[in-house]
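Peer 1: quick one: sequence and predicted model below, then my questions.
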Amino acid sequence: MDQNTLAQKVVNHMMEHDRFSQWLGIKCLVMEPGKSVLQMQIREEMLNGFGLIHGGIAFSLADSALAFASNAYGRLSVALECSISYPAPVHNGDIITATAEELSLTNRIGVYQITITNQNNIKVAFFKGTVYRTSKEYFK
């Protein structure tokens, strides 16, 4: 099986079991080893007391993009460290897109940059994640 087919199979398996990503309403636009593009629309129940997106929602979208990009190689990878910055607000009804790109990959460690933009292509969050790559394979 080629790498892109494997990536799609892994991500489909992950999404099937990821109830939180399903609740977020995530759509998988691009799935490749080391790269993912996810999109979702902000709903009223995702807002904080200021009427803006709760930071945990953007973090969760980026975390899912990290998981899909890093696991798409077919090896179980888990987050070691993640950080996020929010340079612009996100509002109810906005459509946000997370693009995960691999910065570095070794046998045991992967480092990823995830940029979240809104429907106007304004950068609303920057997320950096480091994963540990186990030796467990999804499909043998």
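Peer 2: Okay, I see it.

Peer 1: quick check: longest helix of this structure.
Peer 2: Identified as the longest helix of the chain according to DSSP state H is helix 55-71.

Peer 1: residue contacts, the residue positioned nearest the centre of the chain?
Peer 2: Closest to where the C-alpha atoms of the chain average out (CA atoms, centre = their mean) is Ala65, at 1.3 Å. Counting by CB atoms under 8 Å, 6 or more residues apart in numbering, Ala65 touches Ser36, Val37, Leu38, Ala98, Thr99, Ala100, Ile114, Phe127. All C-beta spots, glycine's among them, are computed from the backbone N, C-alpha and C.

Peer 1: circling back: right, and the helix or strand after the longest helix of the chain?
Peer 2: strand 75-85 (DSSP states H and E).

Peer 1: so which elements touch that following strand?
Peer 2: Counting by 3 or more CB pairs under 8 Å, 6 or more residues apart in numbering; DSSP states H and E, the packing neighbours recorded for strand 75-85 are helix 55-71, strand 123-137.

Peer 1: if we can go back for a sec, what residues of the longest helix of the chain count as buried?
Peer 2: Going by neighbour count (16 or more other CB atoms under 10 Å), the buried part of helix 55-71 is 57-71.
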